[in-house]
Every structure is written in C-alpha cells, then in structure tokens.
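Visitor: Show me how the following folds:
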Amino acid sequence: MRKGNRGFTLVELAIVLIIIGLILGMVFKGRQLIDSAKVKHLVAQYNKIQAAVNTFYERYGFYPGDGCNNPAPNSVSDCGNTKNGVLNTDNEKAAFWHLLINVTHILSAGDRKSSIGVPWQISSYGNVRGRNGNYLYFSQQENSFNAASVPVKYICVMDQMVDDGEATSGDILFTSGDPYDPGDDCWSISSQSANARIYILP
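Guide: You can find the predicted model right below:
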C-alpha cells in the first residue's frame with residue numbers, strides 16, 4: 001500500500017465520532033436552553049399581565065374593559081356601562097388592552113408580544129373543563145376563539161411553574177385532550193402542538 005493512500009485508524013475515527021457527538025449534544029442543549037428561556041418569558045408576561053389587571057382593579061374598582069362600549073376609550077370613565085366581571089363583547093376585549101397599554105400605561109405594547117411570536121389575547125370563554133371566565137390565550141387574530149397551536153411542552157412547563165401541573169384542571173387548561181400529568185418530564189413530550197387557555201380574572 002502506498003503512503004498517500006493510508007486510511008483512517010480506529011483511534012482517529014473514534015475521535016471524529018466523539019467530536020460529532022459533542023457538537024450534537026451542544027446543539028440539543030442549546031435548543032433546550034432557548035425553549036426554557038421562552039417559557040420563563042411567558043411566565044413573566046403572564047404574571048405581569050395578571051398584576052396589571054389587579055393594579056387596575058385596585059385603582060378604578062373594575063376590571064379593564066368591563067363595561068366598555070368603545071374598543072378604544074379615551075379614559076377610564078368612558079366605560080360606564082354595567083359591569084359583570086366578564087368581557088363578553090368584542091369592544092370589552094379590545095378595551096382591555098387599550099386601557100392597560102394606551103390609557104393607564106400600566107403595560108407597554110411590548111408586554112403583549114409573547115416569546116412564541118403570537119400576541120396574547122383575552123376573551124371570555126364558557127365551559128372550559130366546566131369553568132367559565134376570562135382567559136388569556138395566543139392568537140394572531142384579535143377577539144377570535146381560533147387560538148394558535150402552542151408546543152405542548154411549553155404549556156406543560158408553564159403549568160408546573162405557576163399552576164397545578166395538570167392539563168385538565170387549575171388555571172391553565174387545554175380545551176381538549178390530556179397531554180400530560182403532574183410530574184411528567186415536559187421536555188420529553190413530542191413536538192405536538194395544541195390550544196390552551198390561561199384563566200386570568202376575576
């Protein structure tokens with residue numbers, strides 16, 4: 001065999017395979033760190049929106065948007081209609097964000113942009129697992145029940161961080177199905193997506 005045609009030795013092949021394995025490991029770990037950061041940002045936003053709602057209620061005695069006929073009221077006093085704690089109309093849902101962001105400035109416009117690229121929305125939603133009320137969810141379309149599909153693992157981690165870790169009870173609810181249970185390893189859930197609702201008020 002000529003010198004120039006010498007093949008790889010087993011040691012050299014082993015070293016190459018080890019390097020490839022390390023690179024793949026770093027890629028997967030980096031992806032999980034990015035996913036984890038997204039979920040932590042979602043949790044921080046959820047807590048901030050909930051705190052904003054509570055702050056608004058303490059200041060003005062009603063929930064933002066409740067009793068608003070105008071989707072973009074000029075002031076809090078413009079919302080003088082009957083208040084029942086539920087945002088029933090499209091005007092009330094739009095006024096929720098307008099009051100918090102543009103009128104009282106308790107939130108900024110950036111607080112509504114989620115880390116998964118879909119804006120936060122709010123709506124009253126009857127009978128989610130037997131519970132009525134107002135829920136946050138993700139959708140590109142204002143005042144639409146057509147929620148965006150979100151990776152189940154994101155909602156699972158969020159559920160474990162701020163709720164009971166159960167997909168069918170508590171404040172974080174899937175509209176159908178039961179994709180995880182308390183104590184499950186959320187990151188091992190496949191890349192399936194689903195619709196979830198996050199109870200917020202009253």
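Visitor: Run the chain-centre distance for the longest helix along the chain.
Guide: Using DSSP state H, we find that the single longest helix of the chain is helix 10-60. In terms of C-alpha atoms, centre = their mean, to the nearest Å, the centre of helix 10-60 is found 14 Å from the chain centre.
Visitor: Which strands or helices does it pack on?
Guide: When contacts are defined as 3 or more C-beta pairs under 8 Å, 6 or more residues apart in numbering; DSSP states H and E, helix 10-60 sits against helix 152-162, strand 196-201. (Each C-beta comes from the backbone N, C-alpha and C, glycine too.)
Visitor: nearest to G133, of these?
Guide: Of all the helices and strands packed on helix 10-60, strand 196-201 sits nearest to G133, with 5.6 Å by C-beta to C-beta.
Visitor: helices or strands up against that closest one?
Guide: On a contact count with 3+ C-beta pairs under 8 Å, 6+ apart, strand 196-201 meets helix 10-60, strand 120-128, strand 131-138, strand 172-174.
Visitor: got those as CSV, with distance to W97, mean pLDDT and mean neighbour count columns?
Guide: What follows is the helices and strands packed on strand 196-201, written out as CSV (distance: least, C-beta to C-beta, whole Å; pLDDT from 0 to 100; neighbours: other C-beta atoms under 10 Å):
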stretch, distance to W97, mean pLDDT, mean neighbour count
helix 10-60, 10, 83, 13
strand 120-128, 7, 81, 18
strand 131-138, 11, 85, 20
strand 172-174, 21, 89, 23
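Visitor: Any chance of a markdown table for the ones you listed, columns distance to V150?
Guide: Shown next, in a markdown table, are the helices and strands packed on strand 196-201 (distance: least, C-beta to C-beta, whole Å):
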| stretch | distance to V150 |
| --- | --- |
| helix 10-60 | 9 |
| strand 120-128 | 12 |
| strand 131-138 | 6 |
| strand 172-174 | 10 |
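Visitor: Compare these and give me the one nearest D164.
Guide: Proximity to D164 (C-beta to C-beta) singles out strand 172-174 among these, at 8.2 Å.
Visitor: Tell me the helix or strand right after the closest one.
Guide: Using DSSP states H and E, the helix or strand that directly follows strand 172-174 along the chain is strand 193-194.
Visitor: Mind giving me the packing neighbours of that next one?
Guide: strand 150-151, helix 152-162.
Visitor: Can you say which of these is packed in most?
Guide: Most buried of those by mean neighbour count (mean count of other C-beta atoms under 10 Å) is helix 152-162; its value is a mean of 22.
Visitor: Using PDB, write out every CA atom in that helix.
Guide: Output in PDB follows, covering the C-alpha atoms of helix 152-162 (Å, rounded to 0.1, in the frame of the first residue of the first chain):
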ATOM      1  CA  VAL A 152     -47.400  21.300  24.500                       C
ATOM      2  CA  LYS A 153     -44.100  21.100  26.300                       C
ATOM      3  CA  TYR A 154     -44.100  24.900  26.700                       C
ATOM      4  CA  ILE A 155     -47.500  24.900  28.300                       C
ATOM      5  CA  CYS A 156     -46.600  21.900  30.400                       C
ATOM      6  CA  VAL A 157     -43.600  23.600  31.900                       C
ATOM      7  CA  MET A 158     -45.600  26.800  32.500                       C
ATOM      8  CA  ASP A 159     -48.300  24.700  34.200                       C
ATOM      9  CA  GLN A 160     -45.800  23.200  36.500                       C
ATOM     10  CA  MET A 161     -44.200  26.500  37.300                       C
ATOM     11  CA  VAL A 162     -47.400  28.600  38.100                       C
END
